[in-house]
Every structure is written in C-alpha cells, then in structure tokens.
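Colleague: fold the stuff below for me.
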Amino acid sequence: MNVSVLANTLIGSEIIKIGNEVNDMKRKGAQIANLTIGDFDSSIFPIPKPLEEAIVKAYREGHTNYPPADGILPLRETVVEILKDRYELDYGLNEILIAGGSRPLIYATYLALIDPGDTVIYPAPSWNNNHYCHLSAAKGIAIETTVENNFMPTAAQLKPHLKGATLLALCSPLNPTGTMFTQQQLEEICDIVIEENKSRKADEKPLYIMYDQIYSLLTFDKEHVNPVSLRPELKDYIIYIDGISKCLAATGVRVGWAFGPENVIGKMKSLLGHIGAWAPKAEQVAVADYFKNKTLVDEFLSSFKAQVQASLDELYTGFQQLKSEGFAVDAVIPMGAIYLTLKIDYIGKTTPSGDLLKNSADVNFYLIKEAQAAIVPFSAFGNEENMPWFRASIGGCSLQDIKDMLPRIATVLSKLK
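Modeller: Numbers count the residues shown, from 1 in each chain. Below you'll find the predicted structure:
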C-alpha cells in the first residue's frame, strides 16, 4: 500500500537505533555503559520524592479528566512566577502553553511559523532540527560549528543566511554538546536578528528565534543567558521552550511549557489541541504545587546537579588522562545539561579483525562491541559521518559505571592500527 511522501521519506532517530542495538546486546547478557539516549535511569537519578508523592495524590483526588488545551491555570500561574523569579522575564497567562514535554512544543513552533519551503537555520550539531524541518517541509540550513567556539553558533556564521529566513533554532545549554552561549555570543546573535527584522517590509514574515532552554537550570559555574533579557525589543519574536524533563530528571512525567508572543502561542495551542498533546492533568497539578516551593526545588537542584557534574567531571578527567597518554581523544569542559562532548579520532583505523573504521558510526559500534561503551556520533545531530566528535549522556550510567568503562576504552583503542 502506498503511503505519503512524508512517511516514505521519514528518517528514524539515529539515537534510538543505537539504543536498540545496545538494548539487544544487554538482553543477551552484555554489561554495557549506555551513554546514548538523553534520559535518566530512575534507579540512579530519581525524580524528587515530593513531586512523586504529589502526582500520586493528584490521581487519588480524581484529576484524571482532560486539562485545558493551554494547561491548567495553577500551573500557568506557577510558570509566570518561575519566569519572573529565575529569569527576570515578564510573561502573562495567555503567553504560556503547557504540553506533554518539550517535543510537541517544538513541533508546534515549527507548524505555527513555517510554510513549506520556508528557511530554518540551525547549528550542527543540534538535536532533531533536521527532522523537524523535514516534518514541516522547511528548507533547513545547518550551520556547522567548531570546537573553538564550544560548538555554539556565532553571529558571523549565521548572518549570511538570515535574509528571508523564517526561524532561527537555538538551544543553550546545547544538546548534544553540554556547552552554552556566553552573554557576548548571544548578544551578537540578537543584534543581527534585530537588524534583519528592521530590514523587512510590513507584509513580510519576521525572523523568529526558537530558544530551547530546557537545560537552563542544569548549569555548572556559568550563568544561563536568554535573548529577551539581553534584548527586550526581541520579545515579539522569541518562542521559548522549557519544562521539567531534564532539571527534575522527569523525562517520563511529560510536562513542558512554551512561552512567547500571544498570537503565536495561541496558534500553537490550537494546533496541539487538535493533536491532544497536553500533559496529563494530575502531573500538571503536581508540578504546579511542587514548583511553588522554591526552597524544595533548590534543594533538589543542588543535590541533583552535584551528582550530574560528578559523572561529567569523571568522564572529562578520564578522557584528558587518555589524551595525556597519547590516545587520539579529547573532551570539552562540561558547562551544563547532562552531556559531554568527546573527540575519538580513530576514523580510518583498522580493528584487530581487519575491519576498516570508515566513519564515526563504525568507531561507535566498535566501542559498543569491544569496550561495552555506547555513545552517539555527531552525525546523529546533523554533522557529516567523517566528524570524530561524539555525545556522551551520563543519565543512564552510575559514577562507577563510568569509572569501570574508561580502562576498557583505553584497551580497545590501543588495539587499533
């Protein structure tokens, strides 16, 4: 039976493909350090106990019916307070949209702004923008970033592509790199967007920014920056993506929020209303109640961030040690999120069994099979297959798993010729 062109041309998640391979090996008894999917093993990183109890309580109180399409009022009121208190941002209730995590909100942003053939600009590496461009029939322009700028896009790289573009998709802290914009970097980008919008006619679409800050409460020794705080005149052109998935280790709880200009948020609400992608009502009730208690949230964040940073630092230090021993590896200092950027420069080498490692995927599967260590190449995030950089996500591994994995990586890399 024939299906749509979209369905026929859809590319599956490369990360899930790698994860499936890992899970298949684990079912066969392999003990693998799984640093692939940006998720949390709840036995290592559980959600806050008071949040868990509040969710159970909300179900027992009967909050099992449909929530409003834009989210329950108490949660939107809580988000208003979060934005004022933690980001010094002033948004009204009608400028906030609650949904089942950040993914529906990102997709709704694309659908609300993009017509087929419109241009979307995004950095490579970045998470899933290439797929959202395909889903919305957009013309995607991937801007390849460099380690010298911590894989964050610069104004100089973006400016030649802004003319006529509809959306600039940004994320900080960035998935997959765990790096962040500096204030100067983001100010320079904001300024070129302001300049571009001033050049457009009244009947032209403006250039919007989608700013994904889902990891903004998971930063280490660096201050998170955002466009509207730096350039308030951009407020009508920024759609923010945020929520609890990462900062509360609550990926499966599915509560996210977008905020931005009311006319765009209203259209996103209508889109998601037809799809039914709202967060479960009981979870909304619980999150509204939990996030009101700033002391409780901050206590959890302090402990959680320390645990995340300990794992990232262990991995970073381990790779720096391997580098000092002469291995062709490197790592970028972790700044935020749950990711570490790793360089494993062994494309073109030959395995002991005589197989040539032709690309980053080959290197990755060699590490999976021989070192029981699973990571994700940047080719899964929009880069070319000959790029020797990888994402390591620590949410599914204990600190001991990481310590045990490092000697195995050294052993199998030393066998390559």
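
Colleague: now do the contacts for Leu73.
Modeller: Residues near Leu73 by Cβ atoms under 8 Å, 6 or more residues apart in numbering: Leu93. For glycine as for every other residue, the C-beta is placed from the backbone atoms N, C-alpha and C.

Colleague: ok, the one 4 residues further on next?
Modeller: Neighbouring residues of Glu77 by Cβ under 8 Å, 6+ apart: Leu93, Ala288.

Colleague: one more: Gly273?
Modeller: Ala69.

Colleague: any idea which helix or strand comes after the least confident helix or strand in the chain by mean pLDDT?
Modeller: Within the chain, no helix or strand scores below helix 14-27, which has a mean of 82 by mean pLDDT, DSSP states H and E. Proceeding N to C from helix 14-27, the next assigned helix or strand is strand 33-34, under DSSP states H and E.

Colleague: other SSEs contacting that following strand?
Modeller: helix 14-27, strand 373-374, helix 399-414 (3 or more Cβ pairs under 8 Å, 6 or more residues apart in numbering; DSSP states H and E).

Colleague: quickly run through the sheet partners of that strand, with directions.
Modeller: Strand pairing for strand 33-34, using DSSP bridges, gives strand 373-374 (parallel).

Colleague: in the stretch 301-417 of the chain, which spans are strands?
Modeller: Using DSSP state E, counting those that start in this stretch, the strands of the stretch 301-417 of the chain run over residues 329-331, 339-344, 373-374, 376-377, 389-393.

Colleague: now the stretch 51-200 of the chain
Modeller: 96-99, 119-124, 139-144, 167-171.

Colleague: can you list those in JSON lines and add mean neighbour count and mean pLDDT?
Modeller: Output for those, formatted as JSON lines (neighbours: other Cβ atoms under 10 Å; pLDDT from 0 to 100):
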{"stretch": "strand 96-99", "mean neighbour count": "27", "mean pLDDT": "98"}
{"stretch": "strand 119-124", "mean neighbour count": "23", "mean pLDDT": "98"}
{"stretch": "strand 139-144", "mean neighbour count": "17", "mean pLDDT": "98"}
{"stretch": "strand 167-171", "mean neighbour count": "26", "mean pLDDT": "98"}
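
Colleague: could I get those strands as JSON lines with distance to Ala380?
Modeller: Formatted as JSON lines, the strands of the stretch 51-200 of the chain follow (distance: least, Cβ to Cβ, whole Å):
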{"stretch": "strand 96-99", "distance to Ala380": "25"}
{"stretch": "strand 119-124", "distance to Ala380": "11"}
{"stretch": "strand 139-144", "distance to Ala380": "13"}
{"stretch": "strand 167-171", "distance to Ala380": "15"}
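
Colleague: out of these, the one nearest Lys269 is which?
Modeller: strand 96-99 (5.4 Å; Cβ to Cβ).

Colleague: what's that closest one packed up against?
Modeller: Identification of packing neighbours for strand 96-99 by 3+ Cβ pairs under 8 Å, 6+ apart yields helix 73-87, helix 102-113, strand 256-259, helix 262-275.

Colleague: next, the buried residues of the first one.
Modeller: When burial is assessed from 16 or more other Cβ atoms under 10 Å, helix 73-87 yields the following buried residues: Leu75, Arg76, Thr78, Val79, Val80, Ile82, Leu83, Tyr87.

Colleague: go on, the last one?
Modeller: In terms of neighbour count (16+ other Cβ under 10 Å), helix 262-275 has its buried residues at Glu262, Val264, Ile265, Lys267, Met268, Lys269, Leu271, Leu272.

Colleague: mean confidence for it?
Modeller: For helix 262-275, mean pLDDT is 97.

Colleague: what inclination does it have with respect to helix 102-113?
Modeller: 120 degrees (axes from the mean of the first three to the mean of the last three Cα atoms, to 10 degrees).

Colleague: what do you get for the first one?
Modeller: Compare the direction of helix 73-87 with that of helix 102-113 by the same axes, to 10 degrees and you get 90 degrees.

Colleague: just the pLDDT for Trp257.
Modeller: So, for Trp257, pLDDT stands at 98.

Colleague: do Ile37 as well
Modeller: According to the prediction, Ile37 has pLDDT 87.

Colleague: cool, and Lys343?
Modeller: So, for Lys343, pLDDT stands at 98.

Colleague: from here on, call the first residue 396.
Modeller: Happy to do that; since the first residue is 396 now, the last one works out to Lys738.

Colleague: excluding chain neighbours, what is closest to it?
Modeller: Leaving aside its chain neighbours, Lys738 sits nearest to Asp725 (3.9 Å; criterion: Cβ to Cβ, 6 or more residues apart in numbering).

Colleague: ok, that neighbour touching Leu717?
Modeller: No - when contacts are counted by Cβ atoms under 8 Å, Asp725 is not listed as touching Leu717 (9.1 Å).

Colleague: which one's more surrounded, these two?
Modeller: More crowded of Asp725 and Leu717, by other Cβ atoms under 10 Å: Leu717, with 21 against 18.

Colleague: which non-adjacent residue is nearest that one?
Modeller: Of all residues not flanking Leu717 in the chain, Val724 sits nearest, at 5.0 Å (Cβ to Cβ, 6+ apart).

Colleague: just give me the neighbour total for that neighbour.
Modeller: 22.

Colleague: which of the residues in stretch 687-705 are buried?
Modeller: The neighbour-count check on stretch 687-705 (16+ other Cβ under 10 Å) flags Val692, Phe695, Phe699, Lys700, Gln702, Val703, Gln704 as buried.

Colleague: OK, contacts around the last one?
Modeller: Right, Gln704. Here Gln704 is in contact with Phe615, Pro729 (criterion: Cβ under 8 Å, 6+ apart).

Colleague: can you rerun that using 7 Å?
Modeller: Phe615 (Cβ atoms under 7 Å, 6 or more residues apart in numbering).
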